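>>> Only the shape, not the letters, is given here:
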(Lines give C-alpha, C1' and ligand atoms only; values in the text may rest on other atoms or scores of the structure.)
Protein backbone atom coordinates (compact mmCIF):
# COMPACT_ATOMS: atom_id res chain seq x y z
CA UNK A 1 0.00 0.00 0.00
CA UNK A 2 1.09 3.53 -0.75
CA UNK A 3 0.00 6.61 1.22
CA UNK A 4 0.83 9.79 -0.62
CA UNK A 5 -0.19 13.40 -0.85
CA UNK A 6 -2.77 13.76 -3.61
CA UNK A 7 -2.16 15.97 -6.65
CA UNK A 8 -4.64 17.81 -8.93
CA UNK A 9 -4.73 14.84 -11.32
CA UNK A 10 -6.28 12.80 -8.48
CA UNK A 11 -9.39 15.01 -8.27
CA UNK A 12 -11.65 12.64 -10.28
CA UNK A 13 -10.67 9.67 -8.09
CA UNK A 14 -11.26 11.64 -4.89
CA UNK A 15 -14.67 12.86 -6.08
CA UNK A 16 -15.75 9.37 -7.12
CA UNK A 17 -14.53 7.67 -3.94
CA UNK A 18 -16.10 10.42 -1.82
CA UNK A 19 -19.51 10.02 -3.46
CA UNK A 20 -19.35 6.22 -3.27
CA UNK A 21 -18.36 6.18 0.40
CA UNK A 22 -20.87 8.86 1.44
CA UNK A 23 -23.68 7.06 -0.37
CA UNK A 24 -22.75 3.68 1.09
CA UNK A 25 -22.51 5.02 4.64
CA UNK A 26 -25.30 7.60 4.75
CA UNK A 27 -27.38 7.32 1.57
CA UNK A 28 -30.20 5.40 3.25
CA UNK A 29 -30.96 8.41 5.46
CA UNK A 30 -32.08 10.75 2.69
CA UNK A 31 -34.68 11.01 -0.01
CA UNK A 32 -33.26 10.26 -3.47
CA UNK A 33 -33.61 13.94 -4.41
CA UNK A 34 -31.82 15.22 -1.29
CA UNK A 35 -29.02 12.71 -1.77
CA UNK A 36 -28.63 13.48 -5.48
CA UNK A 37 -28.65 17.24 -4.87
CA UNK A 38 -25.93 16.83 -2.23
CA UNK A 39 -23.78 14.52 -4.33
CA UNK A 40 -23.93 16.72 -7.43
CA UNK A 41 -22.81 19.80 -5.51
CA UNK A 42 -20.33 18.26 -3.04
CA UNK A 43 -18.52 15.53 -4.93
CA UNK A 44 -17.68 17.39 -8.10
CA UNK A 45 -14.36 17.61 -9.86
CA UNK A 46 -14.19 21.34 -9.06
CA UNK A 47 -14.92 20.83 -5.35
CA UNK A 48 -11.87 18.60 -5.17
CA UNK A 49 -9.61 20.33 -7.67
CA UNK A 50 -9.74 23.76 -6.02
CA UNK A 51 -8.42 22.65 -2.60
CA UNK A 52 -5.81 20.44 -4.29
CA UNK A 53 -4.21 23.65 -5.61
CA UNK A 54 -4.37 25.47 -2.25
CA UNK A 55 -1.21 25.25 -0.13
CA UNK A 56 -3.32 25.50 3.07
CA UNK A 57 -5.23 22.33 2.18
CA UNK A 58 -3.94 18.78 1.82
CA UNK A 59 -5.41 15.52 0.56
CA UNK A 60 -3.84 12.17 1.39
CA UNK A 61 -4.59 9.19 -0.85
CA UNK A 62 -4.06 5.56 0.14
CA UNK A 63 -3.72 3.18 -2.79
CA UNK A 64 -3.15 -0.54 -3.10
CA UNK A 65 -0.21 -1.99 -5.04
CA UNK A 66 -2.22 -1.65 -8.28
CA UNK A 67 -2.78 2.10 -7.68
CA UNK A 68 -6.47 1.58 -6.83
CA UNK A 69 -7.78 4.15 -4.35
CA UNK A 70 -8.72 2.58 -1.01
CA UNK A 71 -9.15 5.67 1.17
CA UNK A 72 -8.46 9.37 1.41
CA UNK A 73 -8.37 12.21 3.87
CA UNK A 74 -8.63 15.97 3.50
CA UNK A 75 -7.28 18.48 6.02
CA UNK A 76 -6.81 22.23 6.08
CA UNK A 77 -8.02 25.50 7.55
CA UNK A 78 -11.14 25.07 9.67
CA UNK A 79 -14.43 26.09 8.04
CA UNK A 80 -16.76 24.59 10.67
CA UNK A 81 -19.27 26.88 12.43
CA UNK A 82 -17.30 27.03 15.68
CA UNK A 83 -18.08 29.94 18.03
CA UNK A 84 -15.01 32.17 18.49
CA UNK A 85 -12.99 30.12 15.99
CA UNK A 86 -9.26 30.60 16.39
CA UNK A 87 -7.52 32.10 13.35
CA UNK A 88 -5.02 29.21 13.23
CA UNK A 89 -7.60 26.44 13.64
CA UNK A 90 -7.25 23.38 11.45
CA UNK A 91 -9.81 20.80 10.42
CA UNK A 92 -9.98 17.17 9.43
CA UNK A 93 -12.50 17.74 6.64
CA UNK A 94 -12.94 14.20 5.32
CA UNK A 95 -11.71 10.75 6.19
CA UNK A 96 -13.26 8.24 3.79
CA UNK A 97 -12.46 4.56 3.39
CA UNK A 98 -13.87 2.53 0.49
CA UNK A 99 -16.70 0.31 1.80
CA UNK A 100 -14.80 -2.86 0.84
CA UNK A 101 -11.80 -1.84 2.95
CA UNK A 102 -13.35 -0.52 6.15
CA UNK A 103 -12.24 -2.05 9.44
CA UNK A 104 -8.61 -2.48 8.33
CA UNK A 105 -7.15 0.55 10.18
CA UNK A 106 -6.71 2.45 6.92
CA UNK A 107 -8.51 5.47 8.36
CA UNK A 108 -6.17 5.58 11.34
CA UNK A 109 -3.17 5.53 9.05
CA UNK A 110 -4.46 8.52 7.09
CA UNK A 111 -5.59 10.34 10.23
CA UNK A 112 -2.09 10.15 11.69
CA UNK A 113 -0.64 11.60 8.49
CA UNK A 114 -3.17 14.46 8.44
CA UNK A 115 -2.61 15.28 12.11
CA UNK A 116 1.16 15.44 11.53
CA UNK A 117 0.69 17.64 8.44
CA UNK A 118 -1.66 20.03 10.28
CA UNK A 119 0.82 20.33 13.15
CA UNK A 120 3.76 20.86 10.78
CA UNK A 121 1.80 23.59 8.97
CA UNK A 122 1.11 25.44 12.25
CA UNK A 123 -2.60 24.71 12.58
CA UNK A 124 -4.09 24.50 16.03
CA UNK A 125 -6.35 23.74 17.67
CA UNK A 126 -7.84 21.06 15.43
CA UNK A 127 -11.52 20.35 14.76
CA UNK A 128 -13.60 17.71 13.06
CA UNK A 129 -17.31 17.42 12.35
CA UNK A 130 -18.93 14.02 12.82
CA UNK A 131 -22.51 12.80 12.50
CA UNK A 132 -24.11 12.48 15.94
CA UNK A 133 -24.83 8.77 15.38
CA UNK A 134 -21.49 7.76 13.85
CA UNK A 135 -20.25 6.18 17.04
CA UNK A 136 -17.31 4.38 15.44
CA UNK A 137 -15.87 7.63 14.10
CA UNK A 138 -16.46 9.33 17.44
CA UNK A 139 -14.50 6.58 19.22
CA UNK A 140 -11.68 6.88 16.68
CA UNK A 141 -11.38 10.63 17.16
CA UNK A 142 -11.54 10.30 20.94
CA UNK A 143 -8.52 7.96 20.78
CA UNK A 144 -6.63 10.82 19.15
CA UNK A 145 -7.58 13.37 21.82
CA UNK A 146 -10.67 14.95 20.26
CA UNK A 147 -13.58 15.93 22.53
CA UNK A 148 -17.06 17.15 21.66
CA UNK A 149 -17.39 20.92 22.06
CA UNK A 150 -20.57 21.89 20.18
CA UNK A 151 -23.14 20.89 17.57
CA UNK A 152 -24.66 22.21 14.37
CA UNK A 153 -27.01 21.17 11.60
CA UNK A 154 -25.43 19.64 8.50
CA UNK A 155 -27.55 20.06 5.38
CA UNK A 156 -28.03 17.29 2.85
CA UNK A 157 -30.54 18.72 0.42
CA UNK A 158 -33.54 19.73 2.54
CA UNK A 159 -32.61 17.27 5.29
CA UNK A 160 -30.73 18.44 8.38
CA UNK A 161 -28.45 16.10 10.33
CA UNK A 162 -27.33 16.64 13.90
CA UNK A 163 -23.58 17.00 13.63
CA UNK A 164 -21.08 17.14 16.50
CA UNK A 165 -17.93 19.24 16.39
CA UNK A 166 -14.96 17.70 18.16
CA UNK A 167 -11.85 19.66 19.17
CA UNK A 168 -8.28 18.67 19.92
CA UNK A 169 -6.27 21.31 21.74
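Ah, there it is. These numbers were taken from a predicted model, which means no experiment stands behind them. Residues are numbered from 1 along each chain as shown.

>>> make it CA atoms for all contacts and neighbour counts henceforth
Fine.

>>> Centre-most residue in the protein?
When CA atoms, centre = their mean is applied to the chain, the residue found nearest the centroid is residue 94 (0.4 Å).

>>> Now do the same contact list for that residue.
By CA atoms under 8 Å, 6 or more residues apart in numbering, the contact set of residue 94 is 72-75.

>>> outside of stretch 25-44, which residues touch it?
12, 15-16, 18-19, 23, 47, 156-159.

>>> Out of those residues, which comes closest to residue 80?
Distance ranking of the contacts of stretch 25-44 against residue 80, using CA to CA, places residue 156 first at 15.5 Å.

>>> could you say what helices and strands the helix or strand of the chain with the lowest mean pLDDT packs with?
Least confident element among the helices and strands of the chain, by mean pLDDT, DSSP states H and E: helix 45-52 (a mean of 88). Helices and strands touching helix 45-52, by 3 or more CA pairs under 8 Å, 6 or more residues apart in numbering; DSSP states H and E, are helix 11-26, strand 57-63.

>>> looking at the ones you listed, which is closest to residue 135?
helix 11-26 (12.7 Å).

>>> could you point out which element follows the closest one?
As assigned by DSSP states H and E, the chain's next helix or strand after helix 11-26 is helix 32-42.

>>> Just to be sure, residue 112 is in a helix?
Yes. Under DSSP: H, G, I helix; E, B strand; the rest coil, residue 112 sits within a helix.

>>> Give me the local confidence score for it.
What the model reports as pLDDT for residue 112 is 96.

>>> now residue 104
You'll see residue 104 listed with a pLDDT of 88.

>>> Would you confirm that it belongs to a strand?
No. Under three-state DSSP, residue 104 sits outside any strand and is assigned coil.
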